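**Student:** Pasting the sequence and the predicted coordinates here, then a few questions.
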Amino acid sequence: MIRFMEFKIKLESFNPLVLLRLILPFFFAKYLIAQLDFLYSFANRSGYELSNTWINSFMPTRFITFNDFDYLTYKYLILAFTITAVIGFMGRISLFILSMLCFIIVGSVEGLGAFDHHMSLSGQIIFALSVLPSSMNFSFDRLILNNMRAKKNRFILRGNVKWEVNLLLLMLALTYFTAGLSKLRYSEGKWLDGSTLGFYLEERTMDYPVGKQQLLFGDANRQTDFSKDNYGFYSHTYGNYQNSRLLNNLIAWLSEHRYFLIFMSIATVLLELSGFVVFINERFRNVYLLSAILMHLSIGFLMGLGFVNYRVICLCLMEWKSLIKLHKDNFTFLQTK
């Protein structure tokens with residue numbers, strides 16, 4: 001016997017900001033703790049000349065000493081504020097502190113010469129969620145606020161969140177656009193010939209033991225008009241983290257096909273530069289975000305760099321209402337027995 005149970009839910013209850021707040025902090029915390037562990041793998045981490053990066057150069061010195069006691073403090077703070085951010089208890093404060101912890105920890109890791117792009121967009125999104133009005137609609141904070149206002153004891157998800165979603169989409173589009181522009185600018189257009197992508201795919205620095213890996217060197221005498229700072233690149237390392245022998249053999253085979261590398265290089269840059277199509281209409285938005293997810297899946301497959309945070313953000317920001325063709329006022333869940 002089949003029974004149908006109808007649940008009428010307002011369209012405004014589907015809130016991408018709430019969805020992001022419920023899901024993203026878990027993945028964000030996982031990678032932030034991984035960055036913290038990486039930072040503490042350096043015995044002389046506090047003595048690096050580059051330890052004061054753009055974000056922690058104006059932080060009190062006490063925040064970047066990173067002694068053994070600080071490790072547990074930072075780790076417990078990350079875990080605690082991740083939980084409170086997800087359930088929405090002191091949610092805005094929790095999200096704000098998480099974003100600040102990200103800027104401090106990841107900024108210090110950059111001072112060691114490692115630049116993790118994985119955390120860049122998600123750190124900005126977490127910060128944005130701490131201030132955007134609708135991110136706390138489904139939360140303990142909203143429930144408490146409703147009770148204080150003597151309203152009915154239930155969650156009411158309301159408000160026009162279109163401009164807030166557009167702000168997050170703008171952050172995402174700018175992130176991809178600057179990545180594509182950087183590939184063209186700092187390589188003087190040579191990124192499109194496929195050789196850089198081929199180098200990234202075949203680079204096996206992670207196969208070498210510590211102490212024998214290729215390092216990043218800067219030389220002020222090699223500075224060019226395209227240098228990002230006062231030091232031109234002498235050599236650099238970009239690790240391929242794929243450990244499967246079968247996949248590495250496939251990567252080696254693909255890297256020998258120049259036209260494949262050229263096609264993938266051009267497709268990557270075009271995708272990154274075209275991020276603003278998300279504002280044309282819902283269809284373009286979904287196609288672009290799905291393409292970005294597939295791009296990151298491909299990078300994860302070939303190089304072991306999953307960029308899970310990016311995929312979560314793209315997935316949450318898709319226009320799901322148009323995909324599942326929701327009714328203008330409500331939709332129906334069908335429950336079968």
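**Tutor:** Yes, it's here. Numbering: from 1, shown residues only.
**Student:** What segments of this protein are helices?
**Tutor:** 16-40, 68-87, 91-111, 118-131, 140-148, 162-185, 195-202, 245-255, 258-273, 282-303, 308-316, 320-323 (DSSP state H).
**Student:** Just send these back as CSV, with mean pLDDT too.
**Tutor:** Output for these, formatted as CSV (pLDDT from 0 to 100):
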stretch, mean pLDDT
helix 16-40, 92
helix 68-87, 92
helix 91-111, 89
helix 118-131, 92
helix 140-148, 75
helix 162-185, 91
helix 195-202, 76
helix 245-255, 78
helix 258-273, 89
helix 282-303, 89
helix 308-316, 93
helix 320-323, 72
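**Student:** Compile those helices into a markdown table and extend it with columns for mean neighbour count.
**Tutor:** Every residue, glycine included, has its C-beta placed from N, CA and C. Supplementary listing: these in a markdown table, determined by neighbours: other CB atoms under 10 Å:
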| stretch | mean neighbour count |
| --- | --- |
| helix 16-40 | 20 |
| helix 68-87 | 16 |
| helix 91-111 | 22 |
| helix 118-131 | 21 |
| helix 140-148 | 14 |
| helix 162-185 | 17 |
| helix 195-202 | 18 |
| helix 245-255 | 14 |
| helix 258-273 | 16 |
| helix 282-303 | 17 |
| helix 308-316 | 21 |
| helix 320-323 | 14 |
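**Student:** quick one, which of these is nearest to F58?
**Tutor:** Ranking the helices of the chain by proximity to F58 (CB to CB) places helix 91-111 first, at 10.7 Å.
**Student:** for the closest one, packing partners?
**Tutor:** Judged by 3 or more CB pairs under 8 Å, 6 or more residues apart in numbering; DSSP states H and E, helix 91-111 is in contact with helix 16-40, helix 68-87, helix 118-131, helix 140-148.
**Student:** Can you give me the distance of the closest residue to V161 other than its chain neighbours to A179?
**Tutor:** Of all residues not flanking V161 in the chain, S134 sits nearest, at 4.3 Å (CB to CB, 6 or more residues apart in numbering). Distance of S134 to A179, given as CB to CB, to the nearest Å: 28 Å.
**Student:** again with E188
**Tutor:** Distance from E188 to A179, counting by CB to CB: 17 Å.
**Student:** residues near the residue nearest to V161, how many?
**Tutor:** Residues lying near S134 (other CB atoms under 10 Å) number 22.
**Student:** N15 is in contact with that one, correct?
**Tutor:** Yes. Contact criterion CB atoms under 8 Å: S134 and N15 qualify, at 5.8 Å.
**Student:** any shared contact partners between these two?
**Tutor:** V161 (CB atoms under 8 Å, 6 or more residues apart in numbering).
**Student:** that older thread, of the helices of the chain, give the one that comes closest to P60.
**Tutor:** helix 91-111 (10.4 Å).
**Student:** Could I have the CA atoms of the closest one written out in PDB?
**Tutor:** Listed next in PDB are the C-alpha coordinates belonging to helix 91-111 (Å, rounded to 0.1, in the frame of the first residue of the first chain):
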ATOM      1  CA  GLY A  91      26.500  31.300  15.500                       C
ATOM      2  CA  ARG A  92      27.700  34.600  14.200                       C
ATOM      3  CA  ILE A  93      30.400  34.900  16.900                       C
ATOM      4  CA  SER A  94      31.500  31.300  16.200                       C
ATOM      5  CA  LEU A  95      31.700  31.800  12.400                       C
ATOM      6  CA  PHE A  96      33.700  35.000  12.900                       C
ATOM      7  CA  ILE A  97      36.200  33.400  15.300                       C
ATOM      8  CA  LEU A  98      36.600  30.400  12.900                       C
ATOM      9  CA  SER A  99      37.400  32.800  10.100                       C
ATOM     10  CA  MET A 100      39.900  34.600  12.200                       C
ATOM     11  CA  LEU A 101      41.500  31.300  13.200                       C
ATOM     12  CA  CYS A 102      41.800  30.400   9.600                       C
ATOM     13  CA  PHE A 103      43.500  33.700   8.700                       C
ATOM     14  CA  ILE A 104      46.000  33.300  11.600                       C
ATOM     15  CA  ILE A 105      46.800  29.600  11.000                       C
ATOM     16  CA  VAL A 106      46.800  29.600   7.200                       C
ATOM     17  CA  GLY A 107      48.600  33.000   7.100                       C
ATOM     18  CA  SER A 108      51.400  31.500   9.300                       C
ATOM     19  CA  VAL A 109      51.600  28.400   7.000                       C
ATOM     20  CA  GLU A 110      52.100  30.800   4.100                       C
ATOM     21  CA  GLY A 111      55.000  32.300   6.100                       C
END
